[in-house]
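Generate coordinates for the sequence data below:
(2 chains)
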2 protein chains.
Amino acid sequence: MSGKLSANEKPQDVPCPDRRRFLKSALGAGLAVGATTAVGAAEPPPAGTARVRVGLIGTDGHTGVILGTIPRLPGVELTAFAKSLPEDDVSSLKRSKAFSEKTRVYDHFEQLLEKEELDVVAVCLPYYRNAEASIAAARRGLHVVSEKPVATTLADLAALKEAVGRAKVRLTSLMNMRCFPPYRAARKAVQDGLIGEPILLTSQKSYRFGTARPWFYKDLKTYGGTIPWAGIHSIDYMRWTSGRKYLRVSAWHGNNDHPEYPGFQDHAGVLFKLDNGGTALTNLDYLRPETAPTHGDDRLRIAGSEGLLEVLGADNRVTLITATDGPRELELPEPVDFFADFLAEIAGEKEHLISQEDAFRLTEVCLRARDAAETGKWVDL
Amino acid sequence: MSGKLSANEKPQDVPCPDRRRFLKSALGAGLAVGATTAVGAAEPPPAGTARVRVGLIGTDGHTGVILGTIPRLPGVELTAFAKSLPEDDVSSLKRSKAFSEKTRVYDHFEQLLEKEELDVVAVCLPYYRNAEASIAAARRGLHVVSEKPVATTLADLAALKEAVGRAKVRLTSLMNMRCFPPYRAARKAVQDGLIGEPILLTSQKSYRFGTARPWFYKDLKTYGGTIPWAGIHSIDYMRWTSGRKYLRVSAWHGNNDHPEYPGFQDHAGVLFKLDNGGTALTNLDYLRPETAPTHGDDRLRIAGSEGLLEVLGADNRVTLITATDGPRELELPEPVDFFADFLAEIAGEKEHLISQEDAFRLTEVCLRARDAAETGKWVDL
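Just a heads-up that it's a prediction; the model follows:
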């Protein structure tokens, strides 16, 4: 959609000024404990309580994160759903408990936005189309959960920021690894000063490519590139757990083993200079053998001035060595329910763990890192 | 010593044309099994067998690799030793079994080279002085084992290559991690085709800084930088195990926690583009807490088109996952005795596992990687 919108174009709709208050009332009962998976099975909302009307746009990405939460939150309903493409087979998706007989299904997201009264949309289209749908939703005053990256070009990102800012809606990105207990434990350990100043950050995302990856992974333009698509998680969690910022980036990526997906990058390496003079690296690959015991092998390591911590995602473990104590395993907190946490902020109950600024900033960092790999040059961030 | 030598300067001495034959005779008996630690305790050389006369120059670096081997090889003797500095306390070094009452000790390596008849020298000076001593030894026709990096500037490296080439002696570098069983097993697995084409290489060297690091680590000019000094191991073993070559490099390094060693880099990250379009990264740090269970935490991971292997150096383990089989541990070969392996090549018995070309090339790659970190630019290799 790059270039389709001018930055000065006016939104087609203005957000309802009462929406935040409305959502607060709707979510009050259900979200009091909404930030954890301890949320119980859904009960009908108390009499007189308004509903939260969710629209799901698209068949791709982490639809399960949204659909898994809805049935557990009283008062939250999947009002409508739009396919990525009219020919999408959505029979398995519709077996989710979030779907009810009342959930209306559309072939095109534009129809959904035109015809439905909604509060929140989740956008899970092929990645290059997400910004377009998020902008359209924002212009109708809807809060947006976008699959990451929230845009696949810097021009789309600028248009999205403009539309969201103008509509004064809240956008978050599905950087949901912040919800995972090991990364939360790592962040807390850093905040508690257990490793001193973070200096060297390293991370890994390694995954199976799988046997039925959709068409849009065949072209960098339609899937966005492995750095913005997969790397955004590790690039985010290195930054979020350490509290450091990225100043410059260099990167390399390539496709050595997937000729049938010619525009796909099956591996990448990214190197950052940090704001304190430290260094961060992430390595990404879709080369994990199908025989491996887990789908993914995510890792994080932070070497600090006073200690060292390491997350082994596949084992759901964090180990810590400090200047005074040998290795020990950190206790893990409860996981956070990503979508419930977002709805809780909208209801005015708490801050969602992904700020809108971070949703945009991490997208920008990753798009520039991808450009650094494409150009073979360092890029300022 | 940069700039002290012109490239056209003639060597002060020419190598003895019979030296190789001489060494072959001397080493024949002792080195028949010299490439492994299975070498038995030293026995007196058979009557009439010539000796191999070793000179050790310097008190720093991995002197133990040389001193540990000498007593186990019949006919190989530590003829002479020169301190790094006249005031060096060498009492503990002299407790090595390699020292005998006959071993002569000098305050300066120049005296040692002037006065002794030797066959081989091992050079373990503060790193910036190694090229100078190696050049002087080469000019006297001596084979050289140099601590790595073999030079700390590109100018020194060029002068060293010229001197060694002209004298037709053999130089090796103490990149002795090639001798370690896990890396040898990894290399064999790649050569046997178990992981297909290596695509993404990652590695780590993480060490304790320690409490009594010598003065020359305080200045990049005297220790050479963490990338050439420590990174050369992982940069070498990524390349050696995978069989890939480096085409371009970007890097970053810094000192965040060692103000008392202002020119030291306590961490670094290096990113390479490979000759097959693949990617390699290494992360280096001297931030490992003193409480850690091991001094170092070396790692290697190679993701290939048909499998994945991973070395955990601290555990002395290699795990392999292939396209057809889930994780298994590789059997490890016997370790190689680095110095015995070098002497065996000189005796004409086998090829030493570090070619002279690699000793030079890896130094060059690391010096250029250090420059990439200093300039913040990609560098062609």
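
Quick one: residues contacting residue A:274.
A:201, A:244-247, A:280 (C-beta atoms under 8 Å, 6 or more residues apart in numbering or on different chains). Just so you know, the C-beta spots here come from the backbone N, C-alpha and C atoms, and that holds for glycine as well.

List phi and psi for the residue of chain A most remote from its centre.
Largest separation from the mean C-alpha position in chain A: residue A:324, at 36.5 Å (C-alpha atoms, centre = their mean). Main-chain torsions, residue A:324, degrees, to the nearest 10: phi -110, psi -20.

I'd assumed residue B:291 was in contact with it.
Yes - the pair residue A:324 and residue B:291 passes the contact test of C-beta atoms under 8 Å, sitting 6.5 Å apart.

re earlier: just the buried ones from the contacts of residue A:274?
Neighbour-count burial (16 or more other C-beta atoms under 10 Å in any protein chain shown) is assigned, among the contacts of residue A:274, to A:201, A:244, A:246, A:280.

Restricted to helices, list those residues.
Among the buried ones among the contacts of residue A:274, no member is found in helices (DSSP state H).

ok, and of those residues, which contact chain B?
residue A:280 (C-beta under 8 Å from any C-beta of the partner chain).

can I get the buried ones among the contacts of residue A:274 in CSV with pLDDT?
Converted to CSV, those look like this (pLDDT from 0 to 100):
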residue, pLDDT
A:201, 98
A:244, 98
A:246, 98
A:280, 98
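
so which of the buried ones among the contacts of residue A:274 comes closest to residue A:311?
residue A:201 (11.3 Å; C-beta to C-beta).

Following element in sequence after the lowest-mean-pLDDT helix or strand in chain A, please.
Lowest by mean pLDDT, DSSP states H and E among the helices and strands of chain A is helix A:19-27, with a mean of 51. For helix A:19-27, the following helix or strand on the C-terminal side (DSSP states H and E) is strand A:52-57.

Enumerate the positions of the next helix or strand after that following strand that are buried.
Elements were assigned by DSSP H and E; along the chain past strand A:52-57, the next helix or strand is helix A:63-69. Going by neighbour count (16+ other C-beta under 10 Å), the buried part of helix A:63-69 is A:63, A:65-69.

pLDDT and distance to chain B added to the residues you listed, as CSV?
Shown next, in CSV, are the buried residues of helix A:63-69 (pLDDT from 0 to 100; distance: C-beta to the nearest C-beta, whole Å):
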residue, pLDDT, distance to chain B
A:63, 94, 29
A:65, 96, 27
A:66, 97, 32
A:67, 97, 31
A:68, 96, 29
A:69, 97, 33
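
Distance to residue B:116 added to these, as JSON lines?
Formatted as JSON lines, the buried residues of helix A:63-69 follow (distance: C-beta to C-beta, whole Å):
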{"residue": "A:63", "distance to residue B:116": "77"}
{"residue": "A:65", "distance to residue B:116": "73"}
{"residue": "A:66", "distance to residue B:116": "78"}
{"residue": "A:67", "distance to residue B:116": "80"}
{"residue": "A:68", "distance to residue B:116": "77"}
{"residue": "A:69", "distance to residue B:116": "79"}
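
Where do the domain boundaries of chain A fall?
Domain ranges of chain A: A:19-176+A:338-350, A:181-334+A:366-380, per automatic domain parsing.

weakest of the ones you listed in terms of mean pLDDT?
When the domains of chain A are compared by mean pLDDT, domain A:19-176+A:338-350 comes last with a mean of 87.

How far does it sit from its chain's centre?
Per C-alpha atoms, centre = their mean, to the nearest Å, the displacement of domain A:19-176+A:338-350 from the mean C-alpha position of its chain is 13 Å.

Now do residue A:101: how many residues are near it, please.
When neighbours are defined as other C-beta atoms under 10 Å in any protein chain shown, residue A:101 has 4 of them.

Quickly find the element holding it.
Per DSSP H and E: residue A:101 is located in neither a helix nor a strand.

re earlier: OK, contacts around the residue farthest from the centre of chain A?
residue B:291.

ok, it to residue B:358 distance?
42 Å (C-beta to C-beta, to the nearest Å).

For the contacts of residue A:274, name the two members farthest from one another.
Going by C-beta to C-beta, the pair spanning the contacts of residue A:274 furthest: A:201 and A:247, at 13.1 Å.

shared neighbours of those two, anything?
A:272, A:274.

Now do the end-to-end distance for stretch A:124-131.
Counting by C-alpha to C-alpha, to the nearest Å, you get 10 Å between the two ends of stretch A:124-131.

which residues touch that stretch?
A:1, A:56-63, A:66, A:84, A:109, A:123, A:133, A:146-147, A:149-153, A:156-157, A:159-160, A:214, A:216, A:221-224, A:228-229.

Identify the residues contacting the residue nearest in space to the middle of chain A.
Nearest to the mean C-alpha position of chain A, by C-alpha atoms, centre = their mean, lies residue A:174 at 1.7 Å. By C-beta under 8 Å, 6+ apart, the contact list for residue A:174 reads A:61-62, A:65, A:145-148, A:338.

7 Å instead?
Residues in contact with residue A:174 (C-beta atoms under 7 Å, 6 or more residues apart in numbering or on different chains) are A:61-62, A:65, A:145-148.

Quick check: the gap between it and chain B.
25 Å (C-beta to the nearest C-beta, to the nearest Å).

swap in residue A:306?
For residue A:306, the distance to chain B (C-beta to the nearest C-beta) stands at 8 Å.
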